[in-house]
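**Q** here's a sequence, model it:
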Amino acid sequence: MSIQFFTHEIKFQLKNKTKLKLWIAGAFKQYKKNLNSITYVFCSDEYLLEINQGFLQHDFYTDIITFDYSTKNEIESEIYISIDRVKENANTLKITFEEELNRVMIHGILHLCGCKDKTKKDKADMRLAEDKQLKLLKKML
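**A** Numbers count the residues shown, from 1 in each chain. Here you go, the predicted model:
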């Protein structure tokens, strides 16, 4: 099992890496998924926009893009997160940067575990799953 964190062309230092790795691994266990490897890449709005345009043909900013390379039994993924977008969303929502970052990080994991967010009900279910995971993280920190 491998959980890695990288940055791309930005200055950013992720806090509590060891505890975050335990939290992420625990989420996969709760959903009975086998984690092989996951790589987080923290980047700028502009870099994530390039990915969004190039791979998904979407011409808008986003906070996260998850690439799922999983096989039937093994989770493998790259998750790209815009630190610019997370900061702006945290300001808009009047929450801390860390809280919003953790929500975005677990959002990608929940997608890999099968959670959806296309319908109104799916979005509500996703929010409940995020909240549950965030509570578990708070206990760990």
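**Q** so which residue is smack in the middle of this protein?
**A** residue 105 (2.5 Å; Cα atoms, centre = their mean).
**Q** other residues contacting the biggest helix by length in the chain?
**A** In the chain, with assignment by DSSP state H, the single longest helix is helix 120-140. Residues external to helix 120-140 that are found in contact with it (Cβ atoms under 8 Å, 6 or more residues apart in numbering): 19-20, 22-23, 26-27, 99, 102-103, 106-107, 109-110, 115-117. For every residue, glycine as well, the C-beta is placed using N, CA and C.
**Q** next, the buried residues of the one helix or strand the residue nearest to the centre of the chain maps to.
**A** Secondary structure assignment for residue 105, by DSSP states H and E: helix 97-112. By neighbour count on 16 or more other Cβ atoms under 10 Å, the buried set for helix 97-112 is 100-112.
**Q** just how off-centre is it within its chain?
**A** Chain-centre distance of helix 97-112: 4 Å, with Cα atoms, centre = their mean, to the nearest Å.
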